[in-house]
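**Q** What shape does this take:
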Amino acid sequence: MTTSISVVVPSYNEETRIERCLASLADQTLPREEYEVIVVDGGSKDRTRELAAPLADSVFIQSSAKVGGARNDGVLAAKSPLVATTDADCVLPRDWVERARDDLLREGVVMVYGTVAPIEDTVKNRLSLGLTNLFSAIGYRTGRLYYSLGCNTAFRKDAFVRAGMYRTVDAGDDLEIARRMVREGRVLFDSRLKVGFSMRRYEQFGTLRSLYQWVHIVVGGGESGKYTYTRREYK
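**A** Numbers count the residues shown, from 1 in each chain. Below is the predicted model:
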């Protein structure tokens, strides 16, 4: 059967979460034989690749730098002309793959992105991500900002490659790509396209501190020698 969409999952030392993510990708409304799952690993020192292998169609070590490079490697390896990206610590609802595919099949759409909900379901986390989703909706509807996140984005592969793919920077690559994709066609925000997002690093280091460091890096062009903010330690 033809692969209708490919899903790329970057990973690094995620042995405690990768199976949960891939299990949610296996339990989708779209028949499993109609989509492929590609895990692109950053050279994990734990059992991430070993645990991912039985649940993914392909597992390999990235050849490009940083998380943007891992996503690029996965997209280039994808068999389908449609590609979705998520993260190894995310949990995907059952309609996620099918909805991403159907959104990309809309006339003129080259990129789609959605919303996030906290896996660690506390009032503080719901409020934080609720504001994030509101910011995404306002930015999209005003045409001022496409607040896309790499954990919940999908592309037409040919348009993604023409646009130059993700920049390999420390932060902000998943927002910056939308500014180039919009030149290739329609960028769509679908509030029903949701992923379960892990707040563990925000809980560990503090939400305000993490956001401050992220903004500092993005404003500085995506690179920083002062802060080491990343959601993952990709090579």
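**Q** mind listing what's buried in the longest strand along the chain?
**A** Secondary structure assigned by DSSP state E gives strand 186-197 as the longest strand of the chain. By 16 or more other Cβ atoms under 10 Å, the buried positions in strand 186-197 come out as 187, 188, 189, 190, 193, 194, 195, 196, 197. Yep, even glycine has a C-beta here, placed from its N, CA and C like the rest.
**Q** Quickly list what the third one is bridged to.
**A** With DSSP bridges as the criterion, residue 189 is bridged to residue 113.
**Q** same check, this time on the last one
**A** Beta-bridge pairing of residue 197 under DSSP bridges involves residue 118.
**Q** So it sits against residue 90, correct?
**A** Yes - under the criterion of Cβ atoms under 8 Å, residue 197 lies in contact with residue 90, with a separation of 6.1 Å.
**Q** low-scoring pLDDT stretches of the chain, where are they?
**A** The model of the chain has pLDDT under 70 over residues 1, 169-172, 200-235.
**Q** for it, what spans make up the helices?
**A** Secondary structure of the chain (DSSP state H): helices at 18-26, 48-52, 66-77, 96-104, 123-142, 157-163, 173-181, 200-205, 207-219.
**Q** Out of those, which is closest to residue 59?
**A** Comparing the helices of the chain against residue 59 with Cβ to Cβ, the closest turns out to be helix 48-52 (5.0 Å).
**Q** So for that closest one, what gets flagged as buried?
**A** Of the residues in helix 48-52, those scored as buried under the neighbour-count criterion (16+ other Cβ under 10 Å) are 48, 49, 51, 52.
**Q** closest to residue 2 among those?
**A** Taking Cβ to Cβ as the measure, residue 52 is the one of the buried residues of helix 48-52 closest to residue 2, at 23.9 Å.
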